[in-house]
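Novice: The following comprises the amino acid sequence and a computationally predicted model.
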Amino acid sequence: MFWSKKAKPSLEGMKLAEKCQAEAEGLYRSGHYHCAEAVLETVRRNFAADVPESVIGAVSGFGFGSNSGCICGAVSGGTVALGLTLKDKKETTHLTKELHMWFKEKYDVTCCKIIRQTHRGACPVLTGEVAGKVAEMLGRKQA
């Protein structure tokens, strides 16, 4: 099994990515989830429903750049979601690198503190975008 960055997701995969994007943004906006929790919960619901909801507590400390302003919580939540879903270190590492590069390309940095200064109010949207990107990457899985 391998992952191809160039592989195009199917129409079904694109619709699922859009659904995940909207779902994660909605969870964040609900006030019941922060960025990392919203991304992980969305991916869990759509790709690993057999995993108990209680796993979301594992990323509770990642919100707001782990409460220190460092790495974006949505990216951290996406990284955990990849590992939870794939359960393969090599694949997880490969897609985590891709996720981080994609995010940095889009927002220039992965530092929460800087993002919140330069992209005020963007957290709900970027949370959705990260969940959508993770779903899109998972949809490119090829045999």
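Specialist: Looks like it arrived, so ask away.
Novice: Quick check: the spatially closest residue to N67 that is not a sequence neighbour vs D88, distance?
Specialist: Closest residue to N67 apart from its sequence neighbours, by C-beta to C-beta, 6 or more residues apart in numbering: G61 at 6.9 Å. Every residue, glycine included, has its C-beta placed from N, CA and C. G61 sits 25 Å away from D88, taking C-beta to C-beta, to the nearest Å as the criterion.
Novice: that older thread, now the residue nearest to N67, what's its secondary structure?
Specialist: With DSSP: H, G, I helix; E, B strand; the rest coil as the basis, G61 sits in helix.
Novice: Surely it is in contact with I71?
Specialist: No: counting by C-beta atoms under 8 Å, I71 is not a contact partner of G61; they are 12.0 Å apart.
Novice: between these two, which one's more packed in?
Specialist: Using other C-beta atoms under 10 Å, the more surrounded residue of G61 and I71 is I71, with 19 against 13.
Novice: and the more buried one, what pLDDT?
Specialist: According to the prediction, I71 has pLDDT 92.
Novice: next one: the one 10 residues further on
Specialist: Each residue has a pLDDT score; the one for A81 is 97.
Novice: least trustworthy helix or strand in this protein by mean pLDDT?
Specialist: Ranking every helix and strand in the chain by mean pLDDT, DSSP states H and E puts helix 63-64 at the bottom, with a mean of 78.
Novice: ok now do the most centrally placed residue in the chain, which residues does it touch?
Specialist: The centroid of the chain falls nearest to G78 when counting by C-alpha atoms, centre = their mean (3.0 Å). Going by C-beta atoms under 8 Å, 6 or more residues apart in numbering, G78 touches 39-40, 43, 99, 130-131, 133-134.
Novice: returning to what we had before: let me know the pLDDT of the residue nearest to N67.
Specialist: 90.
Novice: Next, work out how far apart it and G139 are.
Specialist: Applying C-beta to C-beta, the value for G61 to G139 is 29 Å.
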